[in-house]
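coordinates only, sequence not included:
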């Protein structure tokens, strides 16, 4: 049995791929190459920062008329819009304008307007906006990239006994049973502490305040301001894309237990003092 | 000195993860990825290369800092020259809380052809800077390090930015333009 763990800077963070199986180093390197290439491909499509990404093209042109999109973009956008519909707009990818104003994204579009997911129209593989809004796919694209990397690894002829792809905390296992992970303490002063948790589904994502300041980079769609928090929220879900998106939903609407159930997800909050509190149905009233 | 540091950090990680069930409180941890030789293969395949270490002069250090706007911490470059004029370089990137050992490939035009993170260490507290404390871990070998790596769990939390790597790439490409290109 051989294990290769490899790490590259991608998606604006550290992407770590670990492969275990009856294979040589060279074979594992080859498999990891295809996975990193897939992540890079998604990064190049969905990066807000890249001038040549598909997302930038959409942000520039979708207000002018329908823009044809790739199947990958369609998969991410349709999930994002589904979540917006299910959460009555709590989850919304049209917050790029607010993120630009708060310095969370570079200010690439001076003429951008604020809007909501209702201004986005996705039809027959084409996207258009009826207002000059801008999209940011941030976390959901990162989760999607992890899912795609897991898919391309599974499609390789080499059989692996364990695979883990971890993009800066958005992670997914091939076989999640009996796996434990460390969740970082949400307090900036205790960033060197970890809380060990059993995996509850193939994928896990955690959202927390930035360590440099108290504010998160999560925008409240109704007010346009960044939410202030001391806690982190972790979501276990069948896919990493859903796990990442649901962390934002729970920050903004902590009683969204029905949505968790709908996506076969579970979640926990880690409070400032390190206490772990699961999101359960009985918490619903509060 | 550097190998020595590596060992101590890994040993620390063991102390941090071994036998603990719930909350654990390491002061430092490390995750080891590919070896330098695996990285060489991943970046350059079977390309032949020979060692060509470079020591930068004070003037060169200054010029690189000015061009890249990044502080140059080491005047010694661990470099190998490939048959076709490219480079394989082992480098260390130092951030606020993290030290990252990296391998870079540069082609004969100074373009980055590949990069690998070899080891990622996070450091907190005073212990890591205390030589007496570190010395107790002297003498652990590479095989032990590899074994330990498996015990380090995956971490989820607020996304860490890899901005320091971008700085490191800028510093290296300027090092190529100012120094390596002319060798």
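Okay, I see it. Values in this document were obtained by computation on a predicted structure and should not be read as measured data.

Tell me who's in contact with the closest residue to chain A within chain B.
Across chain B, the shortest distance to chain A (Cβ to the nearest Cβ) belongs to residue B:157, at 2.8 Å. C-betas here are computed from N, CA, C, even on glycine. Applying Cβ atoms under 8 Å, 6 or more residues apart in numbering or on different chains, we find residue B:157 in contact with A:169, A:183-186, A:206, A:208, A:232.

Count the neighbours of the closest residue to residue A:280 other than its chain neighbours for me.
Counting by Cβ to Cβ, 6 or more residues apart in numbering or on different chains, residue A:280 lies nearest to residue A:257, which is 7.3 Å off, once chain neighbours are set aside. Residue A:257: 18 surrounding residues under other Cβ atoms under 10 Å in any protein chain shown.

State the pLDDT value of the residue of chain B closest to chain A.
pLDDT, residue B:157: 76.

From residue A:249, how far off is the residue nearest to it when sequence neighbours are not counted?
Among residues not flanking residue B:157 along the chain, residue A:184 sits closest, at 2.8 Å (Cβ to Cβ, 6+ apart). Residue A:184 sits 21 Å away from residue A:249, going by Cβ to Cβ, to the nearest Å.

quick one: the helices in the chain?
Just so you know, I chose chain A. A:25-46, A:54-61, A:71-86, A:96-101, A:138-154, A:240-252, A:257-262 (DSSP state H).

not quite, I wanted chain B
For chain B, the helices defined by DSSP H cover B:2-17, B:36-44, B:58-68, B:131-135, B:142-149, B:163-178.

angle of the third one against helix B:163-178?
Think helix B:58-68. 130 degrees (axes from the mean of the first three to the mean of the last three Cα atoms, to 10 degrees).

can you pull the buried residues of helix B:58-68?
Residues of helix B:58-68 classed as buried by neighbour count (16 or more other Cβ atoms under 10 Å in any protein chain shown): B:60-61, B:63-64, B:68.

got it, and the last one?
For helix B:163-178, a neighbour-count test (16+ other Cβ under 10 Å) marks B:164-165, B:167-169, B:171-176, B:178 as buried.

so the residue lying closest to residue B:73 once chain neighbours are set aside bridges to which residues?
Of all residues not flanking residue B:73 in the chain, residue B:94 sits nearest, at 6.2 Å (Cβ to Cβ, 6+ apart). Beta bridges link residue B:94 to residue B:99, judged by DSSP bridges.

what number of residues lie near residue B:94?
Neighbour count for residue B:94, taken as other Cβ under 10 Å: 16.

Closest residue of chain A to chain B?
For chain A, the residue closest to chain B is residue A:184, as judged by Cβ to the nearest Cβ, at 2.8 Å.

so that residue makes contact with residue A:232?
Yes - between residue A:184 and residue A:232 there is a contact under Cβ atoms under 8 Å: 7.4 Å.

Look at these two and report which has more neighbours.
Neighbours per residue, other Cβ under 10 Å: of residue A:184 and residue A:232, the larger number sits with residue A:232, 27 against 23.

How confident was the prediction at residue 169?
Using chain A here. Residue A:169 is assigned a predicted lDDT (pLDDT) of 89.

that's the other chain; I wanted chain B
90.

how about the nearest residue to residue 84, chain neighbours excluded?
Since no chain was named, I'll use chain A. Residue A:84 sits nearest to residue A:117 (Cβ to Cβ, 6+ apart), 3.8 Å away.

You answered for a different chain; I wanted chain B.
residue B:108 (6.1 Å).

Same question for residue A:163.
Closest to residue A:163 by Cβ to Cβ, 6+ apart is residue A:174, at 3.8 Å.

same thing with residue A:135?
Nearest non-adjacent residue to residue A:135 (Cβ to Cβ, 6+ apart): residue A:93, at 5.0 Å.

count of residues packed around the nearest residue to residue A:181 once chain neighbours are set aside?
Counting by Cβ to Cβ, 6+ apart, residue B:154 is the residue found nearest to residue A:181 once chain neighbours are left out, at 4.8 Å. Neighbours of residue B:154 under the rule other Cβ under 10 Å: 22.

Verify the contact between residue B:154 and residue A:171 for me.
Yes - contact criterion Cβ under 8 Å: residue B:154 and residue A:171 qualify, at 5.4 Å.

hey, what's in contact with both of those two?
The contact sets of residue B:154 and residue A:171 overlap at A:164, A:181 (Cβ under 8 Å, 6+ apart).

Show me what the top strand by length along chain B packs onto, helices and strands only.
Of all the segments of type strand in chain B, defined by DSSP state E, the longest one is strand B:112-123. Here strand B:112-123 touches strand A:2-10, helix B:2-17, strand B:28-32, helix B:36-44, strand B:98-106, helix B:163-178, going by 3 or more Cβ pairs under 8 Å, 6 or more residues apart in numbering or on different chains; DSSP states H and E.

any idea which of the ones you listed is most buried?
Looking across those with neighbours counted as mean count of other Cβ atoms under 10 Å in any protein chain shown, the highest average goes to strand B:28-32: a mean of 24.

what's near enough to touch residue 113?
Using chain A here. Counted by Cβ under 8 Å, 6+ apart, residue A:113 has contacts A:97, A:131-133.

try chain B instead
Contacts of residue B:113 (Cβ under 8 Å, 6+ apart): B:43, B:86, B:105-107.

Where does pLDDT dip in the chain?
Picking chain A for this. By pLDDT under 70, the low-scoring segments of chain A are A:210-217, A:282-286.

other chain: chain B
Within chain B, the stretches with pLDDT under 70 are B:1-28, B:124-152.
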